[in-house]
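Trainee: Show me the folded form of this:
(2 chains)
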Amino acid sequence: MKNLNKRGADKIISVYWFGILVLVAGGIFLMVYTFYNHPYDVRGLEAKIMANKVADCLSKQGMLESDVFSNGNFNEDFKNNFLDKCNIIIDANDPQYYVKVGFFSVEDLSKSVFEIDAGNKNWVVDCDVQEDEEHEKLPECLEKRLYALGDSGEQHLIKILSIVGKVEENVK
Amino acid sequence: MLSRDFRKNKIGQLSDAMTWIVATIVIVVILVIFFYASSVLAEIKDLEVDSKILFLDKQKTGEVGWIKEKTNFAFKLNKDNEEKINNWLEENEKS
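Mentor: Coordinates of the predicted model:
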């Protein structure tokens, strides 16, 4: 009678042991899944690269590209074909980027004399919302400023605003 | 006599069960703690890119970033209104 009792206890523990193994394995799976399922947010880097690409397109060795001007004035053709000229591809069906370039005169820094923009304009409002505090689920905004000279040596101040959307791919 | 043996056996079996119950609770608690830690680590993980090599950012004093270098070239050609321009360049850069 005593031997029967001991065998019964061993069988119950064996099944339970496998249950514990499954529980631990499931826990490990969940941990690994949670960690690797979370995406990296690279929008800040993308915005910087896009701003640098635009700056490179506009200014070389301190001088604005000759294409930017036409007969002493800003070239509308450059504005209309800005993306082609700068080799930037923005999907027209689902634009996940926005870039805006503003040219300012040294005499009047409050208002731009010429502007070029391309992409999803709706995100500019989201940048204003994030002036005080960044929000992860809103597009990433970046503003860079540079100084360059025109053909005749006139001074131009350039403000580049680059915005990257792609919220679903970068934020969970 | 026989009933005394039975009582001793019952106490032995009960302590085995209690051991496993406590062990299960400990295992579950530890799993929950580690799961929470992995979710926190997932939130704070960041792609480490040496942006200095890519010249994406302005470097420390004496070194230049990509866009800053262009500005420096322009200043070498025309230094008029340098202070005003520098103030405007450093003002309110959104990042």
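
Trainee: The chain: helices as residue ranges?
Mentor: Picking chain A for this. If you assign secondary structure with DSSP state H, the helices in chain A sit at A:2-37, A:43-58, A:76-80, A:82-85, A:124-129, A:167-170.

Trainee: not quite, I wanted chain B
Mentor: Secondary structure of chain B, counting by DSSP H: helices at B:2-44, B:66-77, B:82-90.

Trainee: Adding mean neighbour count and mean pLDDT, write those helices out as TSV.
Mentor: In this view, the C-beta of every residue, glycine as well, is placed from N, C-alpha and C. Compiled in TSV, these are given as follows (neighbours: other Cβ atoms under 10 Å in any protein chain shown; pLDDT from 0 to 100):
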stretch	mean neighbour count	mean pLDDT
helix B:2-44	12	78
helix B:66-77	18	87
helix B:82-90	14	88
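
Trainee: Could I get those in a markdown table, plus columns for distance to chain A?
Mentor: Converted to a markdown table, those look like this (distance: least, Cβ to the nearest Cβ, whole Å):
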| stretch | distance to chain A |
| --- | --- |
| helix B:2-44 | 4 |
| helix B:66-77 | 3 |
| helix B:82-90 | 5 |
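
Trainee: Out of these, which is closest to residue A:119?
Mentor: The minimum distance between residue A:119 and the helices of chain B falls on helix B:66-77, with 19.6 Å, by Cβ to Cβ.

Trainee: Kindly export the closest one (C-alpha atoms) in PDB.
Mentor: Backbone C-alpha positions of helix B:66-77 (Å, rounded to 0.1, in the frame of the first residue of the first chain) are rendered in PDB as follows:
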ATOM      1  CA  TRP B  66      28.100  68.800 -43.600                       C
ATOM      2  CA  ILE B  67      25.900  71.900 -43.700                       C
ATOM      3  CA  LYS B  68      28.200  73.900 -41.500                       C
ATOM      4  CA  GLU B  69      31.000  73.300 -43.800                       C
ATOM      5  CA  LYS B  70      29.100  74.900 -46.700                       C
ATOM      6  CA  THR B  71      28.400  77.900 -44.600                       C
ATOM      7  CA  ASN B  72      32.000  78.300 -43.700                       C
ATOM      8  CA  PHE B  73      32.900  78.200 -47.400                       C
ATOM      9  CA  ALA B  74      30.500  81.000 -48.100                       C
ATOM     10  CA  PHE B  75      31.900  83.100 -45.200                       C
ATOM     11  CA  LYS B  76      35.400  82.700 -46.700                       C
ATOM     12  CA  LEU B  77      34.000  84.400 -49.900                       C
END
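
Trainee: which helices and strands sit right next to it?
Mentor: Other elements packing on helix B:66-77 under the criterion 3 or more Cβ pairs under 8 Å, 6 or more residues apart in numbering or on different chains; DSSP states H and E are helix A:43-58, strand A:59-60, strand A:140-149, helix B:82-90.

Trainee: hang on, the earlier thing: highest mean neighbour count across the helices of chain A, which stretch is it?
Mentor: Among the helices of chain A, ranked by average contacts under mean count of other Cβ atoms under 10 Å in any protein chain shown, first place goes to helix A:43-58 (a mean of 21).

Trainee: For residue A:60, which of the helices of chain B is the nearest?
Mentor: Comparing these by their distance to residue A:60 (Cβ to Cβ), the top pick is helix B:66-77, with 7.8 Å.

Trainee: contact partners of the closest one?
Mentor: Counting contacts by Cβ atoms under 8 Å, 6 or more residues apart in numbering or on different chains, the residues outside helix B:66-77 that touch it are A:51-52, A:55-56, A:59-63, A:144-149, A:153, A:155, B:55-56, B:58, B:64, B:82, B:85, B:89.
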